[in-house]
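> based on what follows, work out the 3D shape:
(one chain, ligands or ions: 1)
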Amino acid sequence: MSDRDGFIWYDGKLVPWREATTHVLTHSLHYGLAVFEGLRAYATERGTAIFRLREHTQRLLNSAKIYMMPIPWPLEELMEAQKEVVRANNLESCYIRPIAFYGSEKMGVSPKGAKVHVAIAAWPWGAYLGEDGLERGIRIKTASFQRQHVNVTMPRAKLSSTYANSILANMEATSQGYDEALLLDTQGFVAEGAGENLFVVKDGVLYEPEIAAALTGITRDTVIRIAEELGIPFVSRRLTRDDIYIADEAFFSGTAAEITPIRELDDRVIGEGKRGPVTARIQQRFFDIVAGRAPEYDHWLAYL
Ligand SMILES: Cc1[nH+]cc(COP(=O)(O)O)c(CN[C@@H](CCC(=O)O)C(=O)O)c1O
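Numbering: from 1, shown residues only. This is a model prediction of the structure:
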C-alpha cells in the first residue's frame, strides 16, 4: 500500500503518497493507541459523494475523546480534509481512512509528551467480502476468541489495538476455509463480525444482537433506518449463536462490507442458503441511497 502515486493528507497538508511515513518508534505502533475511521465515497449522477461523512468524523472524535487523545483539528476541518483527499486523488468512488495516532516524540506506556498526528488516505476498494459474497452470501464461523469485555477496550471507540482480537478471529476462520469470523461476547452471546455488525431475519422481523461489546456501526444505523422506511419490524435483543442457525436470513453490515448476506454459520445453512428477500430489499435500498438515487437521504451524502 506504500508504493503508490497520489496524495495523503498528513497533519494539515497534502503530501505525496510515498512521503506519508512515520518513524519506527511511533508510540501508537508500539502501544496500540490509535483511533481510526473507515468511510466510502460513491459515484452518483451529481458526482462523487462521501457517505455519512459527518457521523463518521464525529465517531473519530468520540473515539479520541474516550481515550483522552487531543485531536488538533475540529470536526468541520476534518470533514473538508477528507473531501480534499478524494479530490486530490481524482477518485470517483473509494474507501477513506482517517487515523489519529501518537508519534515518535516519546516512548513509554504514557503518551504524555507524544504529539497527536492525523493522516487521511483514500484508495479504490471493491467488495470487501467479494462480489460473489455480495450476491450469494458468505460462509462464516464462530470464533473461539471472544470480543473484548466492555471494560477492557472501550466498545464505542474504533481503536486500532481492538483489531488484534478481530485478526485472531478472522485468521482462525479463514484458515479453516470460511470467509469471516463471528465473535461472541464474554457471556457467550453474539456480538458482531471481525469487521462488521450482524443482522438476522426471522418470520419477517429484523433482529440485531443488543449492542454492548460491538461497535456502534454507522451502516448498522443506516440498515435500521431503511428497515423502518420499508416497514420491516426491528428488534434489538440478546442473540445466541443458535438463533442465527435457525434464522431465515442473516447479513453483515459495514462500510467496507456494505450489506453482505451470510448463507452459513458453523456449517449450518441459514434459510435457503442464499441472499434472502428481506436482505435483498435492504441491500438494494442501501445501494440506491449511496448512489444518490434516494433524494430523502441526500443529507447523508457529502458531495465533493
Ligand atoms: C468491529 C467492527 N464492527 C462493525 C463495523 C461496522 O461499522 P461501520 O463501518 O460504521 O458500519 C466495523 C467497520 N469495519 C471496517 C473494517 C475495514 C477494515 O478491514 O479495515 C470498515 O467497514 O471500514 C468494525 O470494524
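> which residues in the stretch 101-250 of the chain form helices?
For the stretch 101-250 of the chain, applying DSSP state H, counting those that start in this stretch gives helices covering 131-136, 163-175, 218-230, 241-245.
> can you put the ones you listed in TSV and add distance to the ligand?
Bear in mind the C-beta positions are built from the backbone N, C-alpha and C, glycine included. Output for the helices of the stretch 101-250 of the chain, formatted as TSV (distance: least, C-beta to the nearest ligand atom, whole Å):
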stretch	distance to the ligand
helix 131-136	14
helix 163-175	6
helix 218-230	3
helix 241-245	16
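> among these, which is the most enclosed?
helix 218-230 (a mean of 19; mean count of other C-beta atoms under 10 Å).
> quick one: contacts for the closest residue to the ligand within the chain?
Using C-beta to the nearest ligand atom, the single residue of the chain nearest to the ligand is residue 38, 2.3 Å away. Applying C-beta atoms under 8 Å, 6 or more residues apart in numbering, we find residue 38 in contact with 56, 95-97, 158, 254-256.
> Serialize the helices of the stretch 101-250 of the chain to a markdown table and add fields for mean pLDDT.
Formatted as a markdown table, those follow (pLDDT from 0 to 100):
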| stretch | mean pLDDT |
| --- | --- |
| helix 131-136 | 91 |
| helix 163-175 | 98 |
| helix 218-230 | 98 |
| helix 241-245 | 98 |
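> straight-line length of stretch 148-159, end to end?
Taking C-alpha to C-alpha, to the nearest Å, the first and last residues of stretch 148-159 lie 12 Å apart.
> so how far is it from its chain's centroid?
Average the C-alpha atoms of stretch 148-159, do the same for its chain, and the two points are 15 Å apart (C-alpha atoms, centre = their mean, to the nearest Å).
> again, but for stretch 143-158
Using C-alpha atoms, centre = their mean, the offset of stretch 143-158 from its chain centre is 15 Å.
> check which residues of it are buried.
143, 145-148, 153, 155, 157-158 (16 or more other C-beta atoms under 10 Å).
> same check, this time on stretch 288-304
Buried residues in stretch 288-304 (16+ other C-beta under 10 Å): 289-292, 294, 297, 300-302.
> dump these into JSON lines; add pLDDT and distance to residue 213 as well.
Compiled in JSON lines, the buried residues of stretch 288-304 are given as follows (pLDDT from 0 to 100; distance: C-beta to C-beta, whole Å):
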{"residue": "289", "pLDDT": "98", "distance to residue 213": "28"}
{"residue": "290", "pLDDT": "98", "distance to residue 213": "28"}
{"residue": "291", "pLDDT": "98", "distance to residue 213": "33"}
{"residue": "292", "pLDDT": "97", "distance to residue 213": "34"}
{"residue": "294", "pLDDT": "97", "distance to residue 213": "32"}
{"residue": "297", "pLDDT": "97", "distance to residue 213": "29"}
{"residue": "300", "pLDDT": "98", "distance to residue 213": "27"}
{"residue": "301", "pLDDT": "98", "distance to residue 213": "31"}
{"residue": "302", "pLDDT": "98", "distance to residue 213": "30"}
